[in-house]
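> With the sequence up front, the predicted model follows.
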Amino acid sequence: MSFSDYWQQLEWQQLQQGIYEASSRDVERALGSNKLTLENFAALLSPAADSYLPQMAERAASLTRQRFGKTIQFYLPLYLSNLCANDCSYCGFSMSNRLKRRTLTPEEIERECLAIKQMGFDSVLLVTGEHEAKVGMNYFHSVLPIIKRHFNYLMMEVQPLAQEEYRELVSLGLDAVMVYQETYHQPTYASHHLRGKKQDFHWRLQTPDRLARAGVDKIGLGALIGLDDWRTDSLFVAHHLRYLEQNYWQSRYSISFPRLRPCAGNTRQQGLMRDRELVQLISAYRLLSPQVELSLSTREPAWLRDKLIPLGITSMSAGSSTSPGGYATATEALEQFSIDDNRSPSEVQAMIQAQGFEVVWKDWERSYSG
Amino acid sequence: MPLQIADKSFKSRLFTGTGKFGSSQQMCEAIAASGSELTTMALKRVDLAHGDDGIIEPLQKLEVNLLPNTSGAKSSKEAIFAAELAREALSTHWIKLEIHPDPRYLLPDPIETLKAAEILCNKGFVVLPYCGADPVLCKHLEEIGCAAVMPLGAPIGSNQGLQTRALLEIIIEQSRVPVVVDAGIGSPSHAAEAMELGADAVLVNTAIASARDPIAMGRAFKLAVEAGRIAYRSGLATPITQASASSPLTEFLESLQ
């Protein structure tokens, strides 16, 4: 049994219809409920919920304060390599994009770690493209111990691996893995993933199952917003979360909601989700699950990030570079996507403090890892 | 009478936490206003290597006793390791033992907790275990040498009050070590209720840290805990739901010698 079996029972069109047909009565019922069903959640995602946005946002803010307090966790992505054997319509690392390819050596990684440590971070997210031969298990095996020496909490956003491989990385100090499905609509998935191993929809869909079984502490889910209807994709994310929570009660979960950003080779229309709708989505996730972590990257503009701080977000990156080696030396040409909030970590921290929140740099002890 | 736990005595029966505050200054002012003399902090939040975490240093200035906790540990092995780290880094052998493998409700694992508590007691720690409101488990924890027991009133951070009241009453009745009601206390009236039941102390974090004015709320809890303790010591009147009248059943008692 895996989420693939569960997914087979879900009908995209039927779920989509349920969202678009939700009435204000359905929204009110959802707002009045303490433990939300997935049907309640669908109502909160609906166009009908738009006029209830202030109530939703207030309730999300209060639930978040109760569970997480007045704190925001900080993490930073560390790009290890932009080599990639996939072609994905939306990604700057895509194989067919002509850009300078680079994979950090142990010495370069050490330098990046020191630069990141200098900024105050204790939690890093390792990012790579998918290149089995050059950036596979052998590479991870050699670089993880170097990185773990510097940081208590180690997250990864790399190609899906096998359960045994995850177990091995956990023993080297891996704490969390983010693996976004991009879209849960298989035909759309196929149309955006044109070449490479990423074409295997179900291998990706079953990854959180493998992660949980391998004992990874935290599992990150999400849909890439802008590929298909965000409301329906987000309802699938919620199904995925509920399925995982029921089957793997010892794992923690986080959700991201990246909106497509300009990058090399991406010619698609932007703005498929309005800012107002992003607030609706964040609030709906929080009402569905008081404990799930909600993460916001520097893809979003500074002014919007500032506004979203109190509403339900629990962790964010700040001062990110999306190109390998970007912290020790700035190199824009290699980046995966361009970021919109270019402020330094200390500038973002000052903004957070001004809103009465504390930045949590460290929230893990390495002795709990593995 | 002060509360005695292991080798320390406390005038305040309100224990506090350090999580969820908007700044370390706010945390310190709220703890000071609460009069608390013992405050717990998660080892995972403390930067042992650099000491620059905004928690330890301000607390040391407050001269409050530090109670490191093992929050984040999912097994006895991890908790023991964390306790030893805390003992070395913070030079205290007091430890609040928290093992919750369930990240959703953060409910304590009774089996792993008992296992870790026994080992830590044998290693010379003053062990204060966070546990379910299970009277039998509390007796076991007491027997293996825990300095106090810390049963929950409701799931942590839930502000639901003493949902486990019937079981807390049994624990308080049976315990030979101090009983500290931990988790679930959402308002000063809940804290007073626990003290009226005869709890030796309460631990409050979320209700103070998440208040609109954490400093004023710290003081409100101080007063409530004091009031509840005085009420307990004074002998509470029992609630009576009916007026008492003589009945034909008991009239004959008056004629008895």
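Okay, I see it. Numbering: from 1, shown residues only, chains lettered A, B, ... in the order given.
> pLDDT weak spots in the chain?
Using chain A here. A:261-271, A:330-334, A:370 (pLDDT under 70).
> was after chain B, sorry
For chain B, the stretches with pLDDT under 70 are B:50-53, B:241-246.
> Find the closest residue to chain A in it.
Residue of chain B nearest chain A, by C-beta to the nearest C-beta: residue B:20 (2.1 Å). All C-beta atoms are positioned from the backbone trio N, CA, C, and that covers glycine.
> Now do the contacts for the closest residue to that residue other than its chain neighbours.
Spatial nearest neighbour of residue B:20, excluding adjacent residues (C-beta to C-beta, 6 or more residues apart in numbering or on different chains): residue A:69 at 2.1 Å. Neighbouring residues of residue A:69 by C-beta atoms under 8 Å, 6 or more residues apart in numbering or on different chains: B:19, B:20, B:21, B:22, B:206, B:209, B:210.
> where do the helices sit along the stretch 51-200 of chain B?
For the stretch 51-200 of chain B, the helices defined by DSSP state H, counting those that start in this stretch cover B:56-62, B:76-90, B:110-122, B:135-143, B:165-174, B:188-197.
> Need these in TSV (columns: mean neighbour count and distance to chain A).
Shown next, in TSV, are those (neighbours: other C-beta atoms under 10 Å in any protein chain shown; distance: least, C-beta to the nearest C-beta, whole Å):
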stretch	mean neighbour count	distance to chain A
helix B:56-62	15	12
helix B:76-90	20	4
helix B:110-122	20	12
helix B:135-143	19	20
helix B:165-174	17	21
helix B:188-197	23	15
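> Residue B:82 is in contact with residue A:368, isn't it?
Yes. Using C-beta atoms under 8 Å, residue B:82 is in contact with residue A:368, at 7.2 Å.
> Quick check: neighbours shared by the two?
B:44, B:72, B:73.
> Show me which of these are buried.
B:44, B:72, B:73 (16 or more other C-beta atoms under 10 Å in any protein chain shown).
> Skip the chain neighbours and tell me the closest residue to the second one.
Take residue B:72 and drop its neighbours on the chain: the residue closest to it by C-beta to C-beta, 6+ apart is residue B:44, 4.4 Å away.
> how about that neighbour, what does it touch?
Residue B:44 touches A:152, A:362, A:363, A:364, A:365, A:368, B:71, B:72, B:82, counting by C-beta under 8 Å, 6+ apart.
> burial measure for the first one, as a count.
When you say that, I think you mean residue A:152. 23 (other C-beta atoms under 10 Å in any protein chain shown).
> if we can go back for a sec, can you point out the helix or strand that includes the residue of chain B closest to chain A?
Assigned by DSSP states H and E, residue B:20 falls within no helix or strand.
> cool, and the one 10 residues further on?
Using DSSP H and E, residue B:30 falls within helix B:24-34.
> Residues contacting that helix, please?
Contacts for helix B:24-34 (C-beta under 8 Å, 6+ apart): A:358, B:12, B:14, B:16, B:18, B:21, B:39, B:54-55, B:58-59, B:61-62, B:64, B:204, B:208-209, B:214-219, B:221-222.
> how about 7 Å then?
Identification of contacts with helix B:24-34 by C-beta atoms under 7 Å, 6 or more residues apart in numbering or on different chains yields B:14, B:16, B:18, B:21, B:39, B:54-55, B:58, B:62, B:64, B:208, B:214-215, B:218-219, B:221-222.
> what's the next secondary structure element after it?
strand B:38-42.
> Show me what counts as buried in that next one.
B:38, B:39, B:40, B:41, B:42.
> Next one: the nearest residue to residue A:50 once chain neighbours are set aside relative to residue A:228, how far apart?
Take residue A:50 and drop its neighbours on the chain: the residue closest to it by C-beta to C-beta, 6+ apart is residue A:280, 6.7 Å away. Taking C-beta to C-beta, to the nearest Å as the measure, residue A:280 falls 17 Å from residue A:228.
> So which of those two has more stuff around it?
A count of neighbours by other C-beta under 10 Å puts residue A:280 above the other of residue A:280 and residue A:228, at 26 against 23.
> quick one, longest helix in the chain?
If you meant another chain, say so; for now it's chain A. Longest helix of chain A, by residue count under DSSP state H: helix A:230-247.
> Chain B, not that one
Longest helix in chain B, counting residues (DSSP H): helix B:214-234.
> For the residue minimising distance to the centre of chain A, list the residues it contacts.
Nearest to the geometric centre of chain A sits residue A:256, at 3.5 Å (C-alpha atoms, centre = their mean). Residue A:256 makes contact with A:178, A:180, A:220, A:222, A:295, according to C-beta under 7 Å, 6+ apart.
> Which ChimeraX command selects the buried ones in these?
To isolate the buried ones among the contacts of residue A:256 in ChimeraX, judged by 16+ other C-beta under 10 Å, type:
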select /A:178,180,220,222,295
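> Which one of the contacts of residue A:256 is nearest to chain B?
For these, the nearest to chain B is residue A:220 (13.8 Å; C-beta to the nearest C-beta).
> Pull up the distance across stretch A:165-182, start to finish.
End-to-end distance for stretch A:165-182, by C-alpha to C-alpha, to the nearest Å: 23 Å.
> Briefly note if it comes near chain B.
No. Counting by C-beta under 7 Å from any C-beta of the partner chain, chain B is not contacted by stretch A:165-182; separation bottoms out at 10.6 Å.
> Doesn't residue A:101 lie inside a helix?
No. With DSSP: H, G, I helix; E, B strand; the rest coil as the criterion, residue A:101 is coil rather than part of a helix.
> which residue packs closest to residue A:21, ignoring adjacent ones?
Spatial nearest neighbour of residue A:21, excluding adjacent residues (C-beta to C-beta, 6+ apart): residue A:46 at 7.9 Å.
> Identify each buried residue in stretch A:41-61, please.
For stretch A:41-61, the neighbour count (16+ other C-beta under 10 Å) marks A:41-46, A:48-49, A:52, A:56-57, A:59-61 as buried.
> cool, stretch A:84-92 as well?
Buried residues in stretch A:84-92, counted by 16+ other C-beta under 10 Å: A:84, A:85, A:86, A:87, A:88, A:90, A:91, A:92.
> so which two of those residues are the farthest from each other?
A:85 and A:90 (16.4 Å; C-beta to C-beta).
> what about residue A:311, how many neighbours?
Residue crowding around residue A:311 was assessed by other C-beta under 10 Å; the count is 17.
> Let me know whether it touches residue A:59 as I believe.
No. Checked against C-beta atoms under 7 Å, the pair residue A:311 and residue A:59 is beyond contact range at 10.1 Å.
> circling back: sitting in strands, which of the contacts of residue B:44 do you find?
With strands taken from DSSP state E, there is no overlap with the contacts of residue B:44.
> Let me have these in a markdown table, extended by distance to residue A:216.
Output for the contacts of residue B:44, formatted as a markdown table (distance: C-beta to C-beta, whole Å):
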| residue | distance to residue A:216 |
| --- | --- |
| A:152 | 16 |
| A:362 | 20 |
| A:363 | 17 |
| A:364 | 13 |
| A:365 | 17 |
| A:368 | 13 |
| B:71 | 19 |
| B:72 | 15 |
| B:82 | 20 |
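> So which residues on the stretch 51-200 of chain A come close to chain B?
A:65, A:66, A:67, A:69, A:70, A:71.
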